[in-house]
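Student: with the sequence up front, the predicted model follows.
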Amino acid sequence: MISDSDRIKAVRLINKARENGARLKPACRELGISSRTYQRWTKNGGIRKDQRPLIKRKPPKNKLTKLEREKIIKIANSKEYADLPPSKIVPKLADKGKYIASESTFYRVLAEEKLNTHRSKSKEPVKREVPTHIATAPNQVWTWDVTWLNAFIKGKFFKLYMIIDMFSRLIIAHEVWETENAEYSKRLIKKATLFQGS
């Protein structure tokens, strides 16, 4: 929504451009509005204020009634469903042949009522800082990974063990094995340190 002050500024700029020989459509396009919008704003000679905030609109026909909202909250807080998120409540109700509201409606109502907190018996996830490492020269920080590579047989994979220098992006060492094993990782790290003379 464009503020009234921005609307006045836009109309003045377009009028100035038109006085200097510009056509209406390109001038409007420069400001990111259509020529129809400009015409609507300047319909009666002046610059019309935005009427949208003043209009009272009817609530949508599919809006939940107070009783329906209360039913959603009551079910979500009941002993049977108190520990479950809406993604599990709605299917469980469907198994019993009941439909109260959609999953997204459950989420929305619970969020509006500030009830959409951690809703399971498991521990709430702990937010940890993402580890950051900075390398200002080669061989200060290495990263390593095991990547699964498709084999010729469906469902079979080769495992690519690889160590990369964070600074130069140089592949320090790599090996391909049929299985994942800590011994392969040890071998690869030894190979990398010998290769780099560390």
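Tutor: Noted; the coordinates are in hand.

Student: any idea which element Y161 lies in?
Tutor: Per DSSP states H and E: Y161 is located in strand 157-165.

Student: tell me what that strand is packed against?
Tutor: strand 142-150, strand 171-177, helix 182-196 (3 or more Cβ pairs under 8 Å, 6 or more residues apart in numbering; DSSP states H and E). Using the backbone N, CA and C atoms, a C-beta is placed for each residue, glycine as well.

Student: export these to JSON lines and append columns for mean pLDDT and mean neighbour count.
Tutor: Output for the helices and strands packed on strand 157-165, formatted as JSON lines (pLDDT from 0 to 100; neighbours: other Cβ atoms under 10 Å):
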{"stretch": "strand 142-150", "mean pLDDT": "92", "mean neighbour count": "13"}
{"stretch": "strand 171-177", "mean pLDDT": "93", "mean neighbour count": "16"}
{"stretch": "helix 182-196", "mean pLDDT": "90", "mean neighbour count": "14"}
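
Student: can I get the ones you listed in JSON lines with distance to K43?
Tutor: Shown next, in JSON lines, are the helices and strands packed on strand 157-165 (distance: least, Cβ to Cβ, whole Å):
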{"stretch": "strand 142-150", "distance to K43": "63"}
{"stretch": "strand 171-177", "distance to K43": "67"}
{"stretch": "helix 182-196", "distance to K43": "73"}
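
Student: before we move on, back to that, report the distance from the strand holding Y161 to the chain centre.
Tutor: 30 Å (Cα atoms, centre = their mean, to the nearest Å).

Student: cool, stretch 81-89 as well?
Tutor: 23 Å.

Student: likewise for stretch 56-75?
Tutor: Its chain's C-alpha centre and that of stretch 56-75 lie 27 Å apart, by Cα atoms, centre = their mean.

Student: same check, this time on stretch 69-76
Tutor: 28 Å.

Student: what of stretch 93-107?
Tutor: Offset of stretch 93-107 from its chain centre (Cα atoms, centre = their mean): 25 Å.

Student: pull the contacting residues for the closest residue to A17 other than its chain neighbours.
Tutor: Leaving aside its chain neighbours, A17 sits nearest to A27 (4.2 Å; criterion: Cβ to Cβ, 6 or more residues apart in numbering). Taking Cβ atoms under 8 Å, 6 or more residues apart in numbering, we find A27 in contact with L13, I14, A17, R18.

Student: report the buried members of the residues you listed.
Tutor: Among those, those buried by neighbour count (16 or more other Cβ atoms under 10 Å) are I14, A17.

Student: quick one: which of the contacts of A27 is nearest to L67?
Tutor: Distance to L67, by Cβ to Cβ, is smallest for I14 among the contacts of A27, at 51.4 Å.

Student: surely the closest one is in a helix?
Tutor: Yes: counting by DSSP: H, G, I helix; E, B strand; the rest coil, I14 is part of a helix.

Student: where's the residue nearest to D145 when sequence neighbours are not counted relative to N150, distance?
Tutor: Sequence neighbours aside, M162 is the residue nearest to D145 in space, at 5.9 Å (criterion: Cβ to Cβ, 6+ apart). For M162, the distance to N150 equals 16 Å [Cβ to Cβ, to the nearest Å].
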